[in-house]
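Undergrad: My questions are about this predicted structure, shown below with the sequence.
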Amino acid sequence: MTINAHLDHLALGSPDPEALAKFYAKALRNEAQLTEAGWMVTGPERKLLICEGYAKELKHFAYGMSESSLASLRAKLQSQGVKIEPTTSPYLVGDAFMLTDPDGNRSLYGVSEKANFGDGPYRARLQHTALATTEVDALIHFYRDIIGFSVSDNVLDDEGNMRACFLRSDEEHHALAVFQAPRCWFDHHCYEAGDWNLIRDWADHLSTLDIELKWGPGRHGPGNNLFFMIHDPDGNWVEISAELEVMNGRPVGEWQHTPKTLNYWGQAFLRS
Ligand SMILES: [Fe+2]
């Protein structure tokens with residue numbers, strides 16, 4: 001059972017919100033518009049809010065779902081005595097609320113519809129986000145046991161310590177990943193293109209803008225997705241992915257904490 005939700009949008013802080021918004025407009029073929037809430041950067045199935053802040057600041061990440069799923073989630077959290085704070089977002093309708101995890105990361109939950117992939121060129125839906133933490137077990141407890149995400153895959157070291165966990169909020173392999181790391185940071189966010197050929201098209205498009213790939217193309221073990229990553233001007237990792245596993249009831253997977261787990265094809269970035 002999951003919470004029947006999808007990653008709806010992210011809010012990023014930046015010392016130069018306009019430059020960051022314009023980067024995401026150009027690099028990811030979005031529109032950027034300055035509003036009272038901040039820079040709203042939108043494209044097909046892609047929504048970011050960019051506000052004044054520090055570089056690589058994740059102000060919040062937001063999950064959208066149906067009204068009935070939101071009501072069930074709210075009732076479940078209230079029955080557990082979890083502190084939920086009312087909030088608003090220009091992207092969510094209805095009575096959205098916010099939760100704060102043990103690291104202080106804020107996640108929002110509200111009503112929004114999950115978009116279809118469609119068949120347009122350069123399609124890529126905002127799909128998952130990832131957090132690095134010094135307390136991976138505490139974050140897993142929060143998102144899995146309290147909120148109700150489901151675990152698809154765990155990554156364990158030789159001593160059996162949890163090093164990474166991939167959590168889903170619907171049938172897609174992960175909508176959230178958490179990595180054990182020497183300190184806490186916003187690790188990355190990802191757009192799912194669905195089709196391997198679109199990895200090629202996005203890389204070609206980025207090349208015309210002189211934006212180089214910083215990692216990949218490669219293939220992740222958990223999720224089995226093809227990917228590459230770039231940096232935005234603030235140093236945030238941005239991932240384009242394709243063919244992310246869709247879960248069909250298989251049991252939770254267990255992976256070794258080795259470079260090959262994070263990239264079958266070569267170089268990997270181990271957070272710890
Ligand atoms: Fe990712």
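TA: Okay, I see it.
Undergrad: quick one: buried residues of the strand or helix carrying residue 94?
TA: Here residue 94 sits within strand 93-100, counting by DSSP states H and E. Neighbour counts over strand 93-100 (16 or more other CB atoms under 10 Å) mark 96, 97, 98, 99 as buried. C-beta coordinates here come from the backbone N, C-alpha and C atoms, glycine included.
Undergrad: and if you look at stretch 204-215?
TA: Neighbour count says stretch 204-215 has 205, 206, 211, 215 buried, by 16+ other CB under 10 Å.
Undergrad: what does stretch 6-17 give?
TA: Quick answer for stretch 6-17 (16+ other CB under 10 Å): 6, 7, 8, 9, 10, 11, 12, 13, 14, 17.
Undergrad: Could you look up the SS state of the fourth one?
TA: What that stands for is residue 9. strand (DSSP: H, G, I helix; E, B strand; the rest coil).
Undergrad: quick one: contacts for it?
TA: 47, 48, 49, 61, 62, 89, 91, 126 (CB atoms under 8 Å, 6 or more residues apart in numbering).
Undergrad: ok, now the last one?
TA: With contacts defined as CB under 8 Å, 6+ apart, the neighbours of residue 17 are 38, 39, 50, 51, 52, 53.
Undergrad: partners of the nearest residue to residue 9 once chain neighbours are set aside in the sheet?
TA: In space, and not counting its chain neighbours, residue 9 is closest to residue 47: 3.7 Å by CB to CB, 6 or more residues apart in numbering. Beta bridges link residue 47 to residue 42 when assigned by DSSP bridges.
Undergrad: thinking again about what came up before, what's the lowest-pLDDT member of the buried residues of stretch 204-215?
TA: In terms of pLDDT, the weakest of the buried residues of stretch 204-215 is residue 215, which scores 94.
Undergrad: Against residue 190, how distant is residue 179?
TA: Using CB to CB, to the nearest Å, one gets 14 Å for the distance from residue 179 to residue 190.
Undergrad: any residues in contact with both of the two?
TA: Both residue 179 and residue 190 are in contact with residue 130, where contact means CB under 8 Å, 6+ apart.
Undergrad: coming back round to it: could you count how many residues lie near the residue nearest to residue 9?
TA: Other residues near residue 47 number 23, with proximity taken as other CB atoms under 10 Å.
Undergrad: So what's the residue count around residue 26?
TA: Residue neighbour count, defined by other CB under 10 Å, stands at 14 for residue 26.
Undergrad: now it, what's its secondary structure?
TA: Look at residue 26: counting by three-state DSSP, its state is helix.
Undergrad: ok, for it, nearest residue in space, not its chain neighbours?
TA: Nearest residue to residue 26, sequence neighbours excluded (CB to CB, 6+ apart): residue 209, at 6.1 Å.
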